[in-house]
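>>> here is my input; please provide its structure:
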Amino acid sequence: MKSILVICYLIAGVWCASSQDLVISGKVTDVATKEAMPYVQVNVLGTSKGCLTNAEGEFELGIRLEMTNDTLQFLFMGFKSMKMKIDQLELNEPLKIQMESNAFQLDEVIVTPHPPVYYLRQSMKVLPEYYSSSTFNSVVFSRELVKINGEFYSLSEALLKGYFQPFLTNTGDTSRIKVLAYRQFSNKDVGKPLIDEKKSAKRVKKEEKKNVKRVKKGEDVEEVKSDEEEMYETFKAFFASLSVHNLWDSTLIRSFYKDSASFDESYYTQGRMLHEGDKQIMEIRMHNKKKEDKSAQTGHILLDYESLAFRELQVEVSPSGAGWVAAKTALLLFGYKIHYLIADITYRYKEENGTYIPSHTSFSIKASFEKIHWFNSNDVFNIEINTDNVVLESANPADDLCIGGTQLSKKKHISDQLKSGFGASEWNKYKGVIKPETVFSK
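Prediction:
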C-alpha cells in the first residue's frame, strides 16, 4: 500500500506554466487566528508571474533566475499587503507568511452618516450601472469535496466554460455551460472505505437474496449501496437544484434587486471598514430577525464604499417552516431522522472592463442524520459538502456562445451525467493553473 496518495487538485493554485529556473513555495496564515488563508494573491511585482494560495493556504510559484532581484508581493482584501525582496528570502525550505488584518473599527462600529440598510437599498439602485450589461464568458474550475463523519468520502473536479447572461438585462437567451473535463475520486480509490464490514456483509447478503427474486420476476438487479452512499445520493439531487448555473447567475442578489422587501427579513449592523489598495470596502453584518438571540450573525455584505457596488455576499441559512417539516417527514419515511442542516452561500465579484462579474462562488452544507434501525442501535452520520467555483479566465463581453459540446444539465448532478476521466486532455491546458494538492495520508 502506498503511504501517501495525492488525490486532489486545488481550487486555482496558479503558478508559472512556462520554463522556470526556481520554485518559491510556502504557506500563508492569518497572524491573529493562525488559520490558513486561501485565495491570497502571490505575484512578482512588475511581471505576469503570479498564483493564488490553495485551500490550505499553500502556494508554489515558478520564476526565472533573473527575477531573483525582483519583489514578491502578497495581497488579500482586508489585510495589509506584504512585499519582500526575493534575493533576501531563504528558499531552501517553504516560506511561512503571516498576514495582518488592516481592518479598523471606531467605538466598535463604523461611524457613517446613514444606517446600514440605507446603503443596501442604494446599492440596489446602482446595480444596473456597475454590473455587466453584456453577456460574458468564464472558464471555471469547480470542485466538490464530501466528508462523512469527518472522513474523506469523495472529490469531484471539473473544468467548465460558461456563456452567462447580463446581471439584469434580458437578452432573450439563456446561460449555457459546457463541460471541458471531469474527474472524480472516492474513498474506495484510496483504500479507505467508510462501510462497516460486518454491517456491509449482512446487507450484501440480504440484497443478494432480493436480487435473486428480482431476476426470477424479470426485474432489473439493483446495486447494493452502503448507508453513506444512499445518503450522498439523496444530497446530490438537492445539489443539482443549486447548480453552478444558479450560483453563477447570482440568483440571490437578483432576488434582492427584484424584491427590496427581502431586506426586511434580516436586520443589519455596521461591521469593519476594509481596505483594498486605495479603495475602502464597507462590511455590513446580517442578523436573523426571527431568532431571540439577534446578536447571532447570519452573513455579511461587502460594498465598495464609494460606488456602493456589491463585492461580496455571504449568507448562512437554516431551513424552517412548513416546507422543512415536510422534508423531515419525507426523510423519516425513508428511515432517516435529521438533527440539523446548515447551508452557506458566498458570491464574490471582480471588476472587468469597468463592470463587475462573478469571480468565485461557493456553496457548503453541513447536516447530521440518524439512520433508523428498528431492532438495533441507530447510526449517526454527519455529512459535509463543500463546493467552490473559481474563475480561471474570463471575457467580458462574451466571445463564445458555448453552443454544442457537452452541456451541463441544470437538473442532474455532474456525476450522473459524465464518467470520471471525461476530457482528460483538457487538464493539460491548465497544467500551470491548477496545482496538485495532498489532502490526506493513509
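
>>> show me the strands in the stretch 1-150 of the chain, by range?
8-9, 22-30, 41-44, 50-52, 58-63, 71-75, 82-85, 95-99, 136-148 (DSSP state E, counting those that start in this stretch).

>>> which among those strands is found nearest to residue 284?
Among the strands of the stretch 1-150 of the chain, strand 22-30 comes nearest to residue 284, with 21.7 Å by CB to CB. Yep, even glycine has a C-beta here, placed from its N, CA and C like the rest.

>>> next, the buried residues of that closest one.
24, 26, 27, 28, 29, 30 (16 or more other CB atoms under 10 Å).

>>> output the contacting helices and strands for that strand.
Taking 3 or more CB pairs under 8 Å, 6 or more residues apart in numbering; DSSP states H and E as contact, the helices and strands that strand 22-30 lies on are strand 58-63, strand 95-99.

>>> can we see that at 10 Å?
strand 41-44, strand 58-63, strand 71-75, strand 95-99 (3 or more CB pairs under 10 Å, 6 or more residues apart in numbering; DSSP states H and E).

>>> put the alpha carbons of the last one into CSV.
Going back to what we said before, that points to strand 95-99. The C-alpha trace of strand 95-99 is given here as CSV (Å, rounded to 0.1, in the frame of the first residue of the first chain):
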residue,chain,number,x,y,z
LEU,A,95,8.2,30.2,3.4
LYS,A,96,5.9,30.9,6.4
ILE,A,97,4.0,34.0,5.6
GLN,A,98,1.8,35.6,8.2
MET,A,99,-0.6,38.4,7.1
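
>>> surely residue 46 touches residue 83?
No. Using CB atoms under 10 Å, residue 46 is not in contact with residue 83; the gap is 11.7 Å.

>>> please report how far the closest residue to residue 76 other than its chain neighbours lies from residue 26.
Among residues not flanking residue 76 along the chain, residue 40 sits closest, at 4.6 Å (CB to CB, 6 or more residues apart in numbering). As judged by CB to CB, to the nearest Å, residue 40 and residue 26 stand 10 Å apart.

>>> give the residues shared as contacts by the two.
Common neighbours of residue 40 and residue 26 are listed as 53, 57, 59, 74, 97 (criterion: CB atoms under 10 Å, 6 or more residues apart in numbering).

>>> how about the fourth one, what does it touch?
Listed by CB under 10 Å, 6+ apart, the contact partners of residue 74 are 26, 28, 37, 40-43, 53, 59, 80-84, 95, 97-99.

>>> what pLDDT does the residue located most distally from the centre of the chain get?
What lies farthest from the middle of the chain is residue 216; by CA atoms, centre = their mean that is 46.8 Å. pLDDT recorded at residue 216 is 75.

>>> what do you get for residue 29?
93.

>>> same deal with residue 400?
Value for residue 400, per-residue pLDDT: 92.

>>> spatially nearest residue to it (excluding sequence neighbours)?
Closest residue in space to residue 400, ignoring its immediate chain neighbours: residue 137 at 5.2 Å, by CB to CB, 6+ apart.

>>> can you pull the contacts of the one you found?
Contacts of residue 137 (CB under 10 Å, 6+ apart): 161-164, 357, 393-402.

>>> now the contacts of residue 74: which count as buried?
The neighbour-count criterion (16+ other CB under 10 Å) marks 26, 28, 37, 40-43, 53, 59, 82, 95, 97, 99 among the contacts of residue 74 as buried.

>>> output those residues as CSV; include the columns distance to residue 143.
CSV is the format used below for those (distance: CB to CB, whole Å):
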residue, distance to residue 143
26, 22
28, 19
37, 18
40, 18
41, 19
42, 20
43, 23
53, 15
59, 17
82, 27
95, 25
97, 23
99, 24
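
>>> which one in the residues you listed is the model shakiest on?
Minimum confidence in these sits at residue 41, scoring 79.

>>> so it sits against residue 72, correct?
No. Residue 41 is beyond contact range of residue 72, at 11.1 Å (criterion: CB under 10 Å).

>>> quick one: common contacting residues for these two?
With CB under 10 Å, 6+ apart, residue 41 and residue 72 have common neighbours residue 50.

>>> can you count the residues close to the spatially closest residue to residue 417 that is not a sequence neighbour?
Distance criterion CB to CB, 6+ apart; nearest residue to residue 417, sequence neighbours excluded, is residue 409 at 5.8 Å. Applying other CB atoms under 10 Å, we find 15 residues neighbouring residue 409.

>>> surely residue 409 forms part of a strand?
No. When classified by DSSP: H, G, I helix; E, B strand; the rest coil, residue 409 is found to be coil rather than part of a strand.

>>> highest neighbour count among the contacts of residue 137?
Counting by other CB under 10 Å, top hit in those: residue 162 with 26 neighbours.

>>> surely that residue touches residue 136?
Yes. Using CB under 10 Å, residue 162 is in contact with residue 136, at 8.6 Å.

>>> now the strands of the stretch 1-150 of the chain in CSV, with distance to residue 334?
What follows is the strands of the stretch 1-150 of the chain, written out as CSV (distance: least, CB to CB, whole Å):
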stretch, distance to residue 334
strand 8-9, 31
strand 22-30, 42
strand 41-44, 46
strand 50-52, 41
strand 58-63, 41
strand 71-75, 48
strand 82-85, 52
strand 95-99, 47
strand 136-148, 17
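
>>> nothing else from me, thank you.
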